[in-house]
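[1] prediction below, plus the sequence it came from.
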Amino acid sequence: MPTPLDALSYAKRFIGNLPVDDPSLKYRILNYAHSRLWMAAPWTWTVGSIPVVTLTEGAQDYPVSLSDFFSLVHVKWDNGDDKNDLQIVAALPQTVAVTGKPSQVAWTNSPASGLRVLPVPVGITGTAPKVFGLYKRIVTPITVANEASDYSTTFGIPQEWFWVYEELVLLRALMFAHSQRVGSVQTNGTAVAYTGQYGAVEAALAEMRKGEEKFLTTLGGEVTNG
């Protein structure tokens, strides 16, 4: 099974065997590619489920302990009869001045890590709404302990997409070699155009998003921080 070191060996051949596998350099290259791929979308293997919490009358904060939390991806509440997506925002004030049916949610670390909703829920009758959610997990870095381990088994990324990781490693290796094959990134207003290996990487990521589209489009409404 392919490993991160296999991707580096592959890239090394493209740059005339320059020392991209130098111990002081290789982890920068491998983790650049790994993190870039991990963060390119809320892939199935990069998200986890938030422990279910129950909305309580007058309670705005709901402690949740997650050791690998990076950001919220999708949150909703459901009382069995009614369900609503919650808009994910960067931060919410701690207040009891705004009450009603929660429509927004943020991750907070004070007074404890967990979810903060707004408006503050009041008037709960019958079955108390449950809050369900998905979150983006922090990436596990590539180190001496796992550099020779199967990439799919270690990090959860399907083997079918390993070639996308190889394209990202190759991009960084070509940059190290000062190769013109790196290409360029050109912007014109909101439009961005890529050439060379930059373009190959963006095309690979676009194909990957297309392949994962069935999952990505089920995440619901407001899923981005704002």
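    Cool, got the structure.

[2] sketch out the low-pLDDT regions of the chain for me.
    Confidence mapping of the chain against pLDDT under 70 gives the ranges 219-226.

[3] can you list the domains in it?
    Annotated domains of the chain cover 4-43+157-216, 46-137 [automatic domain parsing].

[4] can you redo those domains as TSV with distance to Tyr151 and mean neighbour count?
    (C-beta placed from N, C-alpha, C; glycine too.) What follows is the domains of the chain, written out as TSV (distance: least, CB to CB, whole Å; neighbours: other CB atoms under 10 Å):
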stretch	distance to Tyr151	mean neighbour count
domain 4-43+157-216	6	17
domain 46-137	14	16
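
[5] out of those domains, flag the one nearest Val144.
    Between Val144 and the domains of the chain, the shortest separation by CB to CB is 8.2 Å, and it involves domain 4-43+157-216.

[6] quick check: the gap between the nearest residue to Ala128 once chain neighbours are set aside and Asp81.
    Spatial nearest neighbour of Ala128, excluding adjacent residues (CB to CB, 6 or more residues apart in numbering): Thr54 at 5.1 Å. According to CB to CB, to the nearest Å, Thr54 stands 15 Å off from Asp81.

[7] the lengthiest strand in the chain pairs with which strands, and in what direction?
    What stands out as the longest strand in the chain, according to DSSP state E, is strand 69-78. Strand 69-78 pairs in its sheet with strand 83-88 (antiparallel), strand 130-137 (antiparallel), by DSSP bridges.

[8] figure out which of those is closest to Pro119.
    Proximity to Pro119, assessed across these by CB to CB, is greatest for strand 83-88 (11.1 Å).

[9] and that closest one, C-alpha only, in CSV?
    C-alpha atoms of strand 83-88 as CSV (Å, rounded to 0.1, in the frame of the first residue of the first chain):
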residue,chain,number,x,y,z
LYS,A,83,-35.9,20.2,12.5
ASN,A,84,-33.8,23.2,11.6
ASP,A,85,-30.3,23.8,10.4
LEU,A,86,-28.4,26.2,12.7
GLN,A,87,-26.3,28.9,11.0
ILE,A,88,-22.6,28.5,12.0
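
[10] what about Ala145, which SS state?
    Assigned by DSSP: H, G, I helix; E, B strand; the rest coil, the conformation of Ala145 is coil.

[11] distance of the residue nearest to Thr44 when sequence neighbours are not counted relative to Arg172?
    Nearest residue to Thr44, sequence neighbours excluded (CB to CB, 6+ apart): Phe215, at 5.1 Å. Counting by CB to CB, the gap from Phe215 to Arg172 is 28 Å.

[12] one more: His178?
    Separation of His178 from Arg172 (CB to CB): 12 Å.

[13] likewise Pro42?
    Taken as CB to CB, the span from Pro42 to Arg172 is 23 Å.

[14] ok, Gln104 next?
    Taking CB to CB, one finds Gln104 at 39 Å from Arg172.
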